[in-house]
Every structure is written in C-alpha cells, then in structure tokens.
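Trainee: Sequence and predicted model, in that order:
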Amino acid sequence: MPELSRAGVVMWLNDHGVTILIIVAVGAFLWLAMNKFLPPIVRRTVSLSKYKESKEGMEKRTNTLLYVFKGVGRVFIIIVGTTMILSELGVPIAPVLAGFGIAGIALGFGAQYLIRDLIAGIFIIMENQYRVGDVARVADVTGLVEEVHLRKTVLRDLDGIVHHVPNGEIRVASNFTRHFARVNLDVSVSYGTDLEHAMEVINRVGQELAEDEEWRKVIKTPPQAVRVNNLGDSGIDIKIVGEVKPMQQWAVMGQLRLRLKKAFDAEGIEIPWPHTKVYFGNPMPGAGKSDRLPPES
C-alpha cells in the first residue's frame, strides 16, 4: 500500500507537479520582467509627453505610474496564476466563476461606487492631476500624497494623520506643487511708516534672499512688494509675491519673515499690533471744546 501511495504521488507529480512549477516560474518571470522593463518604458513615455515638466515633476509622474501599473500587474499575475493552478489541481473553475457572477449581480448596487472610484482614478492618473510626493487638497483634505491607487488616494496631513479618500468623492483637486509655487504673504506696517521706504526694504531683503547661496537654487523670482493690499484696523498690509520651486514656498516664506523682522528693526519700521487708548475725562488730541467728555458727577 505504501508502495502504491508513493507511486501515485510520483505519477501525480509527473502529470501535474511539473505544470504547476512551470506556472509558478512563468509568474515569477513575468514579475521580474515587469520590474526590469517597465520603469525605463514609463520613463521614456513620460519624457516624450507633450506636457513639459521639471525633472522633479517627471520623477513624481514616473513613480506614480509605476506604482499603479505594478499594482495592476501584480493582481493580474496572481489571479491568472491562481486560476491556472486550481484548474491543474482539478478544482472546477466554472462553478466558482458562476458563483462570483451571481454574487456580482447581488452586489451590483454596491459595486457602482467601486466602479465610480475606478473611473475617477483612471482620469486622475491620465490627466496627471497630482502625483505621489505632491502636496494637494482633495475632498477638503490637504496633505502630502503618499499613494495613488485606481480606487483611492492616500494623503498625510501636517499632524501626521493619514487620510484615505475614495477617488469618486473627489470633485475638485488642488495641487500646491505643480510646475512652480508662489510666495504670497502680507506684511503689516504701522500707519506712521513711510510706505515707499518700507517697500524698498522689502524688495532689498527679497533680492538678498534670492542671491543667498543657500536659497538661490529654489527661488525662481525674488519676493517683491507689489502693492498696498489693505488698510487694516492696526496697520497697513503690503502684498509680497515671488515664485519658487514646488514645495519650497513654506520654507522661503519662513526665512523671508525672519529677515524682514531683522531688517525692520534695523530700519525703525514698526510692525503693528492692536493698540487701545483710554481717556479719563480729558480732551482727545485735536478735539474741539464740543468734543470734550463731560466730567464725572
């Protein structure tokens, strides 16, 4: 009996084992081939795109496409390989597929949301709306894009919280780091400030920052004062605008604020804060007799 069992195992291995090993080997070969040949093909395709990108942008685009294509390829290889192995083991595939078909009909109403997410994901990737490594706002969530799938987008916000956003829920996608970013801030000075002098100081500081060895590589156009933007309750707001490389606007604005504070202190330019003046029965400066406050009784 043991002899027959051993002979049966050997016969089964000769009939099916070799085929299963071949299926596994082909799957492994396809996986290795995809990892080897897919990256240069995608990079070549991205470089020939009509939409011109910076080197960093092309790298983000390439990484995003590779992430998606490898995920789809992995699922395809696993499903096809598993189906072929089950067929070789004698497991009837047709009833299983029929069962999936019946279950699919039963879950059809729920699947419409999945289909909506998949279609939205295809358009997000095709239109290059955002890539892995970008800072974007999608579905009212702002953060660093960590993953882009056909079904969902994964973002991490400034607090480190990870958000999983179904692509079908995205109505507006705002990319903060596409092509270039902009320094856009208001700096307040007191009402007694010579505005032309203040704007000259701002422009000088912006130019010095753009020429600095550490910062000139990320600044495209020096931050400059462009206009008086608002007459506020406590001071006058001056608008400052400049262009920098993607994702560098926050660092540049922080350094610019630091340098402006030092320059304003050196030039005697006051950065305002709320003031309150209290009068106790005395006339306000410049007020006439009729404007005097009545004495307390």
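Mentor: Received it, and whenever you're ready, just let me know what you need. Residues are numbered from 1 along each chain as shown.
Trainee: Need the nearest residue in space to S188, chain neighbours excluded.
Mentor: Excluding its sequence neighbours, the residue lying closest to S188 (Cβ to Cβ, 6 or more residues apart in numbering) is G235, at 3.9 Å. In this view, the C-beta of every residue, glycine as well, is placed from N, C-alpha and C.
Trainee: P272 is in contact with the one you found, correct?
Mentor: Yes - using Cβ atoms under 8 Å as the test, G235 is close enough to P272 to be in contact (3.3 Å).
Trainee: What is the least confident helix or strand in the chain?
Mentor: In the chain, no helix or strand scores lower on mean pLDDT, DSSP states H and E than helix 93-106, which sits at a mean of 58.
Trainee: Can you name the next helix or strand after it?
Mentor: Heading C-terminal from helix 93-106, the first helix or strand you meet, by DSSP states H and E, is helix 108-126.
Trainee: then that next one to PDB, C-alphas only?
Mentor: Provided in PDB are the C-alpha atoms of helix 108-126 (Å, rounded to 0.1, in the frame of the first residue of the first chain):
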ATOM      1  CA  GLY A 108     -24.300  45.400  -8.200                       C
ATOM      2  CA  PHE A 109     -25.800  48.400  -6.400                       C
ATOM      3  CA  GLY A 110     -22.800  48.500  -4.100                       C
ATOM      4  CA  ALA A 111     -20.400  47.900  -6.900                       C
ATOM      5  CA  GLN A 112     -21.500  51.100  -8.700                       C
ATOM      6  CA  TYR A 113     -19.500  53.100  -6.100                       C
ATOM      7  CA  LEU A 114     -16.400  50.900  -6.700                       C
ATOM      8  CA  ILE A 115     -16.800  51.500 -10.500                       C
ATOM      9  CA  ARG A 116     -17.200  55.200 -10.000                       C
ATOM     10  CA  ASP A 117     -13.900  55.300  -7.900                       C
ATOM     11  CA  LEU A 118     -12.000  53.300 -10.500                       C
ATOM     12  CA  ILE A 119     -13.100  55.500 -13.400                       C
ATOM     13  CA  ALA A 120     -12.300  58.600 -11.400                       C
ATOM     14  CA  GLY A 121      -8.900  57.100 -10.600                       C
ATOM     15  CA  ILE A 122      -8.200  56.400 -14.300                       C
ATOM     16  CA  PHE A 123      -8.900  60.100 -15.200                       C
ATOM     17  CA  ILE A 124      -6.700  61.400 -12.200                       C
ATOM     18  CA  ILE A 125      -3.800  59.400 -13.500                       C
ATOM     19  CA  MET A 126      -4.300  60.100 -17.200                       C
END
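Trainee: Point out the other helices and strands that it packs with.
Mentor: Secondary-structure packing of helix 108-126 (3 or more Cβ pairs under 8 Å, 6 or more residues apart in numbering; DSSP states H and E): helix 55-88, strand 141-148, strand 152-156.
Trainee: what would the ones you listed look like in a markdown table with mean neighbour count?
Mentor: Formatted as a markdown table, these follow (neighbours: other Cβ atoms under 10 Å):
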| stretch | mean neighbour count |
| --- | --- |
| helix 55-88 | 16 |
| strand 141-148 | 18 |
| strand 152-156 | 20 |
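Trainee: export those to TSV and tack on mean pLDDT?
Mentor: Formatted as TSV, the helices and strands packed on helix 108-126 follow (pLDDT from 0 to 100):
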stretch	mean pLDDT
helix 55-88	79
strand 141-148	92
strand 152-156	93
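Trainee: For the residue nearest to S188, give its distance to I271.
Mentor: For G235, the distance to I271 equals 7 Å [Cβ to Cβ, to the nearest Å].
Trainee: still on that earlier bit, contact partners for the residue nearest to S188?
Mentor: G235 is in contact with S188, V189, S190, Y191, I271, P272, counting by Cβ atoms under 8 Å, 6 or more residues apart in numbering.
Trainee: circling back: could you name every residue contacting both of G235 and I271?
Mentor: Common contacts of G235 and I271 (Cβ under 8 Å, 6+ apart): S188, V189, S190.
Trainee: what's the closest of these to M253?
Mentor: Nearest to M253 among the shared contacts of G235 and I271: S188, at 14.9 Å, using Cβ to Cβ.
Trainee: Is it correct that that closest one falls within a strand?
Mentor: Yes - according to DSSP: H, G, I helix; E, B strand; the rest coil, S188 belongs to a strand.
Trainee: Which residues does it form beta bridges with?
Mentor: With DSSP bridges as the criterion, S188 is bridged to D237.
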